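Colleague: What would the 3D arrangement of this be:
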Amino acid sequence: MGCVQGKGRAASASPSPRASHVARAEAGPTNADVVKKENGAGGAVEAVAGEEAPPQQPKKERRRQAKPDPRQGSFSNRARGEQVAAGWPPWLAAVAGEAINGWSPRRADTFEKIDKIGQGTYSNVYKVRDTKSGNIVALKKVRFDNLEPESVRFMAREILILRRLDHPNVVKLEGLVTSRMSCSLYLVFKYMEHDLAGLAASPDIKFTEPQVKCYMHQLLSGLEHCHTRGVLHRDIKGSNLLLDNTGTLNIADFGLASFFDPNHKQPMTSRVVTLWYRPPELLLGATDYGVGVDLWSAGCILAELLAGKPIMPGRTEVEQLHKIFKLCGSPSEEYWKKSKLPHATIFKPQQPYKRCIAQTFKDFPPSALQLIETLLAIDPADRKTATDALRSDFFTTEPYACDPASLPQYPPSKEMDAKRRDEEARRLRAAGRSNAEGPKKTRTRERPRAVPAPEANAELQVNIDRRRLITHANAKSKSEKFPPPHQDGALGFPLGSSHHIEPPFDGDPADTSFSTVFPYQKGTAPVATWSGPLVDSAQAANGKRKKKSGRSSKQPSTARVR
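Modeller: You can find the predicted model right below:
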């Protein structure tokens, strides 16, 4: 979600927490992924990565303990009472006590809404005015339907991660706001005028090599900080890279981020990262991964800035993996054997692909090409680290990265603005054709657009689906839906026609060089699911109405994402 965030401090924000030691609880029978965070008082609370916490111990055993067990995942009744007395809602203090510990809430009625500037899978972002300070800030509103504890824990993890990070190129959480009228929580950030996706989509903007180096240096510096603090972002893309008028870049939206410890690895979900920027190991089902997932996404961003368009805009997971193999080559036999990836037997090509990055991007500067080769290595170990990338020839050879303050000042531009421009242009063209030509013609898209892969939030949905059946009759938009995890597949909702570096595969799927368990039958349309980038919501709705009669009646149901 491209929008907001920054590095200042709101008047209501409490001091940043001290550096804390992080360890992961061992996976129990429920494969829990609980992050322990110690504070000065010796208490420890959770940041749950989408699984249930281990069951509590018997009362007698608990009484013998001098200190609370970190695995219990809750504050003491006294601590919760103090937080409620400070103004926090009881439902929030009961579940996310560690995340809000030491902070005081602001009230929602102390802000005036100016405009909606961003929309994600489970939140909206608004440009608002702080009536106390007069400053323009951004509020990320997260609504908790039915006060589902799992969704509250999901947000608590994001808050814990934001409180741990402190870097000029990483968003800074300035405060938290609660509303007495609704079950919502607002995160306060500095207002940022642009995101990289919005600028890149502007037809009047083309980045120079020094500008690309400036943006990439800030991105890699922010990633270096995250990784050294034990945080994986897991959704690096242009709309999550925010820019202000001073040229400062902030990595934003840590909704899918997770704690990790390279020395004590724990299984994590593979259903993260927007499809166009998702590394091959995640598409192959890896659950044991590290910093390489963010570095792959950074490599896609670098190539996209130089090429002027996304380099691998796949429509489905199968097509995305096919594009990766065609550009970056297929994994070696040694990699297939050592990785033991869950989907290896499904997607392993019958004939190996040759790597052709150098030929495809032969017009790129040699130093940039070398860095892209490293970041887009099929083997995650070969991508090295963000620190290694910052020391590469790309940043040490002329022309050097420009100073952020020297970057041009553009009119406010975000991915949402680009969508609005495209929608208005399509509307005007459609109106013109309707008046001049009568019958409507098929419309094509002028530019591919990456929108968050909705199944990236399935980590949260897994646990919610275990508790209750989630209906979707009142869902506000298609961009807020995704299929239940047990119905996730490799087939996605197709985009309209678009210009690709390589044309999309449109032959008989049986001709593909790798086998698949998703059989295609001639004359039968594949089941449409919400994996991969989505089309514009209005366009998707129109397309769905047109094709409804030709689709199977057994389509997977969708669920609201929070």
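Colleague: quick one, domains of the chain?
Modeller: 22-54+67-190, 194-406, 415-560 (automatic domain parsing).
Colleague: Can you check the distance spanned by stretch 343-350, start to finish?
Modeller: Terminal residues of stretch 343-350 lie 14 Å apart, using CA to CA, to the nearest Å.
Colleague: next one: stretch 271-285
Modeller: 8 Å.
Colleague: Could I get the buried residue list for that stretch?
Modeller: Of the residues in stretch 271-285, 271-284 count as buried by neighbour count, 16 or more other CB atoms under 10 Å. For glycine as for every other residue, the C-beta is placed from the backbone atoms N, C-alpha and C.
Colleague: could I get the residues you listed as a markdown table with secondary structure, pLDDT and distance to residue 347?
Modeller: Shown next, in a markdown table, are those (DSSP: H, G, I helix; E, B strand; the rest coil; pLDDT from 0 to 100; distance: CB to CB, whole Å):
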| residue | secondary structure | pLDDT | distance to residue 347 |
| --- | --- | --- | --- |
| 271 | coil | 95 | 16 |
| 272 | coil | 96 | 18 |
| 273 | coil | 97 | 17 |
| 274 | coil | 96 | 19 |
| 275 | helix | 97 | 15 |
| 276 | helix | 98 | 18 |
| 277 | helix | 98 | 18 |
| 278 | coil | 98 | 13 |
| 279 | coil | 98 | 14 |
| 280 | helix | 96 | 9 |
| 281 | helix | 96 | 11 |
| 282 | helix | 96 | 12 |
| 283 | helix | 95 | 8 |
| 284 | coil | 94 | 6 |
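Colleague: worst average pLDDT in the domains of the chain?
Modeller: Sorting those by mean pLDDT places domain 415-560 lowest, at a mean of 44.
Colleague: Against residue 235, how distant is the spatially closest residue to residue 270 that is not a sequence neighbour?
Modeller: Spatial nearest neighbour of residue 270, excluding adjacent residues (CB to CB, 6 or more residues apart in numbering): residue 282 at 4.7 Å. In this structure, residue 282 and residue 235 are 11 Å apart, going by CB to CB, to the nearest Å.
Colleague: neighbours around the nearest residue to residue 260 once chain neighbours are set aside, how many?
Modeller: Once flanking residues are discounted, residue 260 sits nearest to residue 232: 5.2 Å by CB to CB, 6+ apart. Residue 232 has 25 neighbouring residues, counting by other CB atoms under 10 Å.
Colleague: Can you tell me who residue 232 pairs with across the strands?
Modeller: residue 258 (DSSP bridges).
Colleague: Surely it touches residue 296?
Modeller: No. In this structure residue 232 lies outside contact range of residue 296 using CB atoms under 8 Å: 11.8 Å.
Colleague: Quick check: the gap between residue 269 and residue 306.
Modeller: Taking CB to CB, one finds residue 269 at 31 Å from residue 306.
Colleague: Please read the previous query as pertaining to residue 88.
Modeller: 47 Å.
Colleague: now residue 403
Modeller: 20 Å.
Colleague: So these two - more neighbours on which side?
Modeller: residue 306 (19 against 10).
Colleague: didn't that one look like it was pressed against residue 361?
Modeller: Yes. With contact defined as CB under 8 Å, residue 306 reaches residue 361; the gap is 7.4 Å.
Colleague: and residue 336, how many neighbours?
Modeller: Around residue 336 there are 15 residues (other CB under 10 Å).
Colleague: How is it assigned, secondary-structure-wise?
Modeller: Here residue 336 is recorded as helix under DSSP: H, G, I helix; E, B strand; the rest coil.
Colleague: picking up where we left off before, mind listing what the residue nearest to residue 270 touches?
Modeller: With contacts defined as CB atoms under 8 Å, 6 or more residues apart in numbering, the neighbours of residue 282 are 270, 271, 272, 273, 289, 293.
Colleague: can you rerun that using 7 Å?
Modeller: Residues in contact with residue 282 (CB atoms under 7 Å, 6 or more residues apart in numbering) are 270, 272, 273, 289, 293.
Colleague: element containing the residue nearest to residue 212 when sequence neighbours are not counted?
Modeller: In this structure, residue 212 finds its nearest non-sequential neighbour in residue 305, 4.7 Å apart by CB to CB, 6+ apart. Using DSSP states H and E, residue 305 sits within helix 292-307.
Colleague: and the end-to-end length of stretch 395-404?
Modeller: 14 Å.
Colleague: That should have said stretch 158-172, apologies.
Modeller: One end of stretch 158-172 to the other measures 12 Å (CA to CA).
Colleague: And that stretch, what's buried?
Modeller: 158-165, 167, 169-172.
Colleague: Then stretch 86-103?
Modeller: Within stretch 86-103, judged by 16+ other CB under 10 Å, the buried ones are 88-89, 92-101, 103.
Colleague: Mind checking which of these are in helices?
Modeller: Counted as lying in helices by DSSP state H, out of the buried residues of stretch 86-103, are 92, 93, 94, 95, 97, 98, 99, 100.
Colleague: Once you drop chain neighbours, what's closest to the fourth one?
Modeller: Nearest-residue entry for residue 95: residue 152, 4.3 Å, with adjacent residues in sequence omitted and distances by CB to CB, 6+ apart.
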